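Asker: pasted the sequence and its predicted model underneath.
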Amino acid sequence: MVQQEALFPGFRVESRDADGVAVHLVVGGAGPPLLLLHGYPQTHALWHKITPRLAQRFTVVAADLRGYGDSGKPPTDARHAPYSKREMAKDVVSAMRGLGHERFLLAGHDRGGRVAHRLAADHPDAVAKLSVLDISPTLAMYEQTDMAFAAAYWHWFFLIQKAPIPETMIGADPKYYLRAKMRGRSVGEDPFDPRAWSEYERCFTPAVIHASCEDYRAAATIDLEHDRADREADRRLACPLQVLWGGHGVVERCFRPLEDWGRVAGRVSGRALPAGHYLPEEVPDLVAAELESFFGDQR
């Protein structure tokens, strides 16, 4: 907790119950509520470089997803349903309601963007605007997989293997895995604050390793069922959607994010930023400015 308080000065650290699952989060600032969701294999610490600026205009909530950080890690099942993006989205909706926010702004990076996508689809009245960082929709990415994408995103296909194969292999040297997984996907100097990196290492426990594998197993199975059901019913996201991605990253090379998101949402805007994958840590000022502009515009 001391490290989190150092990363988020002036924020309070809380845990909210979501139907028996603890949602760990930090809250700070004043103004319209803005929920921030992190990606793999990180925690809410991902956002620490931009929250001081955002907190000047918004009530900022940065949460650990189910299975990650200090949030709950419930048992899974054969269908991986407890780690579907639908269940993960329910957690943070419940947490926001517990904080008094029935409707809010929403931004998600990586896995957090996938949870945010499902949240906006399942709870349209809760989301005023949505921003997703460095992803195309899960269904689009799987259906467009080629050798270039599979080689760059090898972890997608490794983590979905039957338990405990990836868990055992990662668990043999989790710190090495974190370094190998994360440090090659940014551009320029190392973007990770040592305090944030310490949090990523602290939280990468055997329980998180297993839960995060379940997150990916769900993405390759039950999440695709939910996404295909939306497509077949022509259900599109109702809220305005901003898409930001790294101009030097895999999404830029392998996908067309504005076109991909245009197939699932009606109002899409956005652009590439001069970064790799970890936008909030690589180019925090640019990300903060984009979010301020998008969320501050009341149209």
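Answerer: Alright, I've got the coordinates. In this text, all values refer to a predicted model and were calculated from it rather than measured experimentally. Numbering: from 1, shown residues only.
Asker: can we go C-alpha only for contacts and neighbour counts from here?
Answerer: Fine.
Asker: which parts of stretch 71-84 are buried?
Answerer: Buried residues in stretch 71-84, counted by 16 or more other CA atoms under 10 Å: S71, G72, K73, H80, A81, P82, Y83, S84.
Asker: what about it, start to end distance?
Answerer: Using CA to CA, to the nearest Å, one end of stretch 71-84 lies 15 Å from the other.
Asker: check stretch 123-134 too.
Answerer: Distance between the boundary residues of stretch 123-134 (CA to CA) amounts to 22 Å.
Asker: which pLDDT value goes with the nearest residue to F8 once chain neighbours are set aside?
Answerer: Nearest residue to F8 in three dimensions, chain neighbours excluded: H48, at 6.1 Å (CA to CA, 6 or more residues apart in numbering). Looking at H48, its pLDDT is 98.
Asker: and L119, what element?
Answerer: L119 belongs to helix 111-122 when assigned by DSSP states H and E.
Asker: elements contacting that helix?
Answerer: strand 33-37, helix 85-98, strand 104-109, strand 127-133 (3 or more CA pairs under 8 Å, 6 or more residues apart in numbering; DSSP states H and E).
Asker: how about a markdown table for the ones you listed, with mean pLDDT added?
Answerer: Below are those laid out as a markdown table (pLDDT from 0 to 100):
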| stretch | mean pLDDT |
| --- | --- |
| strand 33-37 | 99 |
| helix 85-98 | 98 |
| strand 104-109 | 98 |
| strand 127-133 | 98 |
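Asker: right, and these - which one's nearest Y216?
Answerer: Nearest to Y216 among the helices and strands packed on helix 111-122 is helix 85-98; the distance by CA to CA comes to 9.9 Å.
Asker: got the CA coordinates for the closest one in PDB?
Answerer: Backbone C-alpha positions of helix 85-98 (Å, rounded to 0.1, in the frame of the first residue of the first chain) are rendered in PDB as follows:
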ATOM      1  CA  LYS A  85     -14.900 -10.100 -19.900                       C
ATOM      2  CA  ARG A  86     -18.600 -10.100 -19.100                       C
ATOM      3  CA  GLU A  87     -17.900 -11.100 -15.500                       C
ATOM      4  CA  MET A  88     -14.800  -8.800 -15.200                       C
ATOM      5  CA  ALA A  89     -16.900  -5.900 -16.400                       C
ATOM      6  CA  LYS A  90     -19.600  -6.600 -13.800                       C
ATOM      7  CA  ASP A  91     -17.000  -6.300 -11.100                       C
ATOM      8  CA  VAL A  92     -16.000  -2.700 -12.000                       C
ATOM      9  CA  VAL A  93     -19.600  -1.600 -12.700                       C
ATOM     10  CA  SER A  94     -20.500  -2.800  -9.200                       C
ATOM     11  CA  ALA A  95     -17.400  -1.000  -7.800                       C
ATOM     12  CA  MET A  96     -18.300   2.300  -9.500                       C
ATOM     13  CA  ARG A  97     -21.900   2.100  -8.300                       C
ATOM     14  CA  GLY A  98     -20.500   1.500  -4.800                       C
END
